[in-house]
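**Q** Got a sequence here, can you model it:
(one chain, ligands or ions: 2)
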Amino acid sequence: MAKQLSGAGLRGQVAGKTALSTVGKSGSGLTYRGYDVKDLANNCIFEEVAYLILKGELPNQEQLTAYQSKLKGLRGLPQALKDVLERIPASAHPMDVIRTGCSMLGNLETEESFDQQQDATDRMLAAFPGIINYWYRFSHDGVRIETETDDDTIGAHFLHLLHGEKPSELHERVMNVSLILYAEHEFNASTFTARVCASTLSDIHSCITGAIGSLRGPLHGGANEAAMELIEGMKDPEHAEESLMGMLERKEKIMGFGHAIYSESDPRNEIIKVWSEKLAAEKGDAQLYDISVRCEAVMWREKKLFCNADFFHASAYNYMGIPTKLFTPIFVCSRLTGWAAHVMEQRADNRIIRPSAEYVGAEPRSVVPIAER
Ligand SMILES: CC(=O)SCCNC(=O)CCNC(=O)[C@H](O)C(C)(C)COP(=O)(O)OP(=O)(O)OC[C@H]1O[C@@H](n2cnc3c(N)ncnc32)[C@H](O)[C@@H]1OP(=O)(O)O
Ligand SMILES: O=C([O-])CC(=O)C(=O)O
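**A** Ligands and ions are numbered 1, 2, ... in the order given. Sure thing, here's the model as predicted:
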């Protein structure tokens, strides 16, 4: 059954055209340029999907190899950017760090004309894992890491920078799946932010910086971190059930559940859930997974609310040793593809986005001289 889309928050209003993705078109599906996300997650690495989203078609082997080697060659960070990152305190939120890093990159390597949009996007795709991990490792461990690795995929590169060693095949695969699942999602809040900014004919770094700010909130990308904070406070499935029942009674919001468009399920959930279970088995510790499964059952039983893409990402990332505060920045490293493709699409057929407001303020009135107020 399709969700009733009306009311506040521009729900259900068509705000433009896109050829990039469909969300919930057949009730629960998600497609990128016509391909089912499940098909892509089962058969591709993230770079193939980034290529598809940014350039329109899946690459052949030769194109993919060339694209991966281009991205690998763009991983180094300018010294001026490293200097800025070193000045950001360890207490900062990594989403603020990546927002600043993106903005600083825009100062150093400004997009001077729209002809540079593909190259500027590839540079950001290659550099974002380095930006976030350079700051993280410097501020938390006091080390200045080399941001260039020889890993073929962005997923492996990210984990390599974070942990200082190449990840296992399983972890690299999960990162690829995760980055594919997060890559694109039509007119969600952060993408719409990027498109509004693009519609003023602004530069791509401004569009992406704004989008990062929108993704940060707990109602959007920040939910994967909030979900982790929730489940790590639960001792076992029984305790999870008890805690959730209390939260529901107090009418608290449960992060990682529900969706603005999907009505019965988020197709990304069943995919990442399977990988979370595999990671639990690898670790020989299913506690977080079992707690998450119980949360899913309770939320459906009590409220008909389902896990969105973020919920099982929490346990999956945790099993791979990723600190909770880096969860949403990984989302950024992926969604950058969708944001940039939307910026390009907006630029190709642009009219400034400028809706109207229903005025609900004071009736017309005159200024009373300040001495008489
Ligand atoms: C990658 C992503 O960005 S996915 C989204 C990540 N965000 C979250 O997980 C945050 C938690 N979820 C939510 O806040 C919401 O479900 C959103 C923001 C995702 C969607 O918001 P909406 O479209 O306004 O939700 P919707 O119209 O379905 O809400 C219906 C009712 O269910 C309630 N509800 C929706 N989600 C939840 C939840 N997670 N916990 C508790 N109640 C909820 C709403 O409060 C609303 O109740 P009301 O009518 O009494 O106000
Ligand atoms: O579409 C939305 O509103 C939020 C979402 O799931 C996403 O951006 O991936």
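
**Q** going forward, measure contacts and count neighbours with C-alpha atoms only.
**A** Fine.

**Q** so what's the residue nearest to the spatial centre of the chain scoring on pLDDT?
**A** When the chain is reduced to its mean C-alpha position, the closest residue under Cα atoms, centre = their mean turns out to be Phe331, at 2.8 Å. As predicted, Phe331 sits at a pLDDT of 98.

**Q** can I assume it sits in a helix?
**A** Yes. With DSSP: H, G, I helix; E, B strand; the rest coil as the criterion, Phe331 is assigned to a helix.

**Q** Now do the domain split for this structure, please.
**A** With domains defined by the TED database, the chain comprises 21-218+324-348, 223-320.

**Q** how about the last one against ligand 1, any contact?
**A** Okay, so that is domain 223-320. Yes. Interface with ligand 1: domain 223-320 contributes Ala223, Lys253, Ile254, Met255, Gly256, Phe257, Gly258, His259, Ala260, Asn308, Ala309, Asp310 (Cα under 6 Å from any ligand atom).

**Q** Of the residues you listed, keep whichever come out buried.
**A** When these are checked for burial by 16 or more other Cα atoms under 10 Å, the buried set is Ala223, Ile254, Met255, Gly256, Phe257, Gly258, His259, Asn308, Ala309, Asp310.

**Q** Strands of the protein, residue ranges please.
**A** 21-23, 30-32, 35-36 (DSSP state E).

**Q** which stretch among those strands comes nearest Glu186?
**A** Glu186 sits nearest to strand 21-23 of all the strands of the chain, at 5.6 Å, using Cα to Cα.

**Q** so how far is ligand 2 from Asn308?
**A** Per Cα to the nearest ligand atom, to the nearest Å, Asn308 is found 7 Å from ligand 2.

**Q** can you pull the contacts of that residue?
**A** For Asn308, the contact set (Cα atoms under 8 Å, 6 or more residues apart in numbering) comprises Gly256, Phe257, Gly258, His259, Ser265, Asp266, Arg268, Asn269.

**Q** any idea of the pLDDT on it?
**A** 97.

**Q** got the contact list for Leu248?
**A** With Cα under 8 Å, 6+ apart, Leu248 has no contacts at all.

**Q** For Arg335, which non-adjacent residue is spatially closest?
**A** Excluding the flanking residues, the one nearest Arg335 by Cα to Cα, 6 or more residues apart in numbering is Ala183, at 4.3 Å.

**Q** Point out the residues in this protein that sit beside ligand 2.
**A** Tyr182, His185, Asn188, His220, Ala260.
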